[in-house]
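**Student:** One predicted model, sequence on top.
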Amino acid sequence: MNNKWQKGLTLAAVSLTLAGCLNNLEAENTKKPVVGPNQVVVQTTQNQLSSENYRAVISNGRYQLGVASSSDSNLSSAGNIRAFEEGLLRIAKGVFPTNQYFLQEGTLINLETMTRWTGRESDDNPEGLNPRLPDDAEQQRKAESTISAQSSESSQEESSSAESSSNDQVITDAAATPIYLAQIMEKDIMVETNDGYSLSGIVIGLAMNSEYQYTDSNNVVHRQEISIGEMRERGKAYANTIVGRLRATPELRSVPISVAIFSQAPASNVVGGTFVLDGISREGNAVTDWTEHNESRALLPFVGTNQGSNDQYPGFEEFRTKVSDFFPKLNGITAEALNINGSLASLKINIVTQFYDLTEITALTQHVTDVAQNTFPEGLDLQVRIESSEGTEAVITKPAGSNQYQSQILK
């Protein structure tokens, strides 16, 4: 008999239709053991790495990739890519607990649809959510198309220069017209039923630009900051529009849709941006119950007086001192900190060492674990990576709310 997480599910004629860009959604579940030519078997992964993670839905023995969730060419840095998805999953878990729901990559918004929605509104693209250009700004549109093509060719290479981000715009004689919405990410939430698995929720992330860069006709580069207030208002409007378009599919009219708004940091910011709002639409086209987020990120230790004070993070400073004193041949200890509502919520520490013998790495891992246990609070989500010129040597982790540390030496 199959394990209950491996029960067969046949889905016939699964397609979606949405305003001419999504296919029709019709799911038919059955318990028949025979799989027909137009049917697929759906199951979930048997093991859950921790209660913090969703179990994945598997179709026909394969993990189904979602175009909208895996396309990140409009995000300006690796830090933004990580922060966007990690934060969206954190918000999703607050709405759809991991012990009750399963995760599938977004399948409702395809790449063509997402490209149209994140583009500018125009006669050729009436579905564009970003503002239409003035009538005399045709040269700007052509310049943006050129930049977008260049960015796509080099999207696999991370750049630390803000001039390389895909929201850079060239202006000739037209006033700057910002692109506000940079990226859409979708995650589908599934629930187990007597017949298998069915869609129970949708999580949408909207990555909004916090800065708009353009070059005028004199080849002078300008950076225009987008206020948090304007970002919130436009983000809410985009959320309502997207939910309305999804609701046009009858099968999605009563599916809860959670929407979160992410402020993308400039490309020069290593740690990435933060979420500013999230809300939910249980039915209808409007997103309600908006909750404001008070989040900040920092790269530690601070360098320079204008960035901040290391006194704000006494735990990290104590940890860094104790580890450095015990192992003098370390090249550096840095960390990425996430603060939520004024409290340190997550810390990702990176230790670079000059040595990589097994006994030395083992001793360092043991000492780092001891220091971390005696330094950091139980509520902190902690990850420590020990690296050498040979690559990652060891990883130490502790989930929030636990005092149990797990370490693995990768020799």
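**Tutor:** Noted; the coordinates are in hand.

**Student:** use CA for all of it now, contacts and neighbours both
**Tutor:** Will do.

**Student:** Just give the nearest non-adjacent residue to Ala83, would you?
**Tutor:** Among residues not flanking Ala83 along the chain, Gly272 sits closest, at 5.8 Å (Cα to Cα, 6 or more residues apart in numbering).

**Student:** which residues in this structure form helices?
**Tutor:** For the chain, the helices defined by DSSP state H occupy 67-70, 78-95, 111-118, 138-153, 228-247, 314-326, 358-375.

**Student:** Of all those, which one is nearest Phe262?
**Tutor:** helix 78-95 (6.7 Å; Cα to Cα).

**Student:** That closest one: which residues count as buried?
**Tutor:** Buried residues in helix 78-95, counted by 16 or more other Cα atoms under 10 Å: 78-81, 83-85, 87-89, 91-93.

**Student:** Can you tell me what sits against it?
**Tutor:** 72, 75, 158, 185, 203, 205, 207, 258, 260, 262, 264-265, 269-275, 278 (Cα atoms under 8 Å, 6 or more residues apart in numbering).

**Student:** Of those, just the buried ones, PyMOL syntax please.
**Tutor:** Buried members of the contacts of helix 78-95, defined by 16+ other Cα under 10 Å, are picked up in PyMOL with:
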select buried, resi 72+75+185+203+205+207+258+260+262+264+265+269+270+271+272+273+274+275+278
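
**Student:** you'd agree Met190 is up against Gly201?
**Tutor:** Yes. Using Cα atoms under 8 Å, Met190 is in contact with Gly201, at 6.8 Å.

**Student:** What residue spans form the domains of this protein?
**Tutor:** Per automatic domain parsing, the domain ranges recorded for the chain read 64-293, 297-409.

**Student:** Quick one: the strands in the stretch 151-300 of the chain, in order.
**Tutor:** With DSSP state E, counting those that start in this stretch as the criterion, the stretch 151-300 of the chain has strands at 168-170, 181-193, 196-209, 211-215, 221-225, 257-264, 274-281, 288-292, 295-300.

**Student:** Need those strands in CSV (columns: mean pLDDT and distance to Leu382).
**Tutor:** Formatted as CSV, the strands of the stretch 151-300 of the chain follow (pLDDT from 0 to 100; distance: least, Cα to Cα, whole Å):
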stretch, mean pLDDT, distance to Leu382
strand 168-170, 50, 35
strand 181-193, 94, 25
strand 196-209, 95, 24
strand 211-215, 84, 30
strand 221-225, 87, 33
strand 257-264, 98, 23
strand 274-281, 98, 18
strand 288-292, 95, 25
strand 295-300, 96, 14
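
**Student:** In contact with the closest residue to Ser281 other than its chain neighbours: list those residues for me.
**Tutor:** Leaving out its chain neighbours, the residue that sits closest to Ser281 by Cα to Cα, 6+ apart is Val287, at 4.4 Å. Val287 makes contacts with 236, 239-240, 243, 259, 279-281, as judged by Cα under 8 Å, 6+ apart.

**Student:** most surrounded residue in those residues?
**Tutor:** Val259 (31 neighbours; other Cα atoms under 10 Å).

**Student:** so how far is Ala207 from the residue nearest to the spatial centre of the chain?
**Tutor:** Closest residue to the average C-alpha location of the chain: Glu85 at 1.4 Å, with Cα atoms, centre = their mean. To Ala207, Glu85 is 10 Å away according to Cα to Cα, to the nearest Å.

**Student:** got it, and Pro134?
**Tutor:** Counting by Cα to Cα, the gap from Pro134 to Ala207 is 24 Å.

**Student:** Kindly report the same for Met185.
**Tutor:** For Met185 relative to Ala207 (Cα to Cα), the value is 8 Å.

**Student:** Next: Leu344.
**Tutor:** 23 Å.

**Student:** now swap in Gln224 and tell me
**Tutor:** Separation of Gln224 from Ala207 (Cα to Cα): 17 Å.

**Student:** Ok, Gln383 next?
**Tutor:** 25 Å.

**Student:** that older thread, among the helices of the chain, which gets the worst mean confidence?
**Tutor:** Averaged per stretch, pLDDT over the helices of the chain is lowest on helix 138-153, reaching a mean of 51.

**Student:** show me the contacts for Lys322.
**Tutor:** So Lys322 contacts Val371 (Cα under 8 Å, 6+ apart).

**Student:** try 10 Å
**Tutor:** Residues near Lys322 by Cα atoms under 10 Å, 6 or more residues apart in numbering: 316, 367-368, 371-372, 375.

**Student:** Now the two most distant members of the residues you listed.
**Tutor:** Phe316 and His367 (15.1 Å).

**Student:** Looking at those two, which one has more neighbours?
**Tutor:** Counted by other Cα under 10 Å, Phe316 and His367 do not tie: Phe316 has more neighbours, with 23 against 16.

**Student:** Test my guess that the more buried one contacts Leu299.
**Tutor:** No. Between Phe316 and Leu299 there is no contact, the gap being 11.4 Å when judged by Cα atoms under 10 Å.

**Student:** residues bridging contact with the two, i.e. touching both?
**Tutor:** With Cα under 10 Å, 6+ apart as the test, Phe316 and Leu299 both reach 334-335, 337, 347, 349.

**Student:** okay, those residues in TSV with neighbour count and pLDDT next?
**Tutor:** Putting the shared contacts of Phe316 and Leu299 into TSV (neighbours: other Cα atoms under 10 Å; pLDDT from 0 to 100) gives the following:
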residue	neighbour count	pLDDT
Thr334	17	97
Ala335	22	97
Ala337	22	97
Leu347	22	97
Ile349	21	98
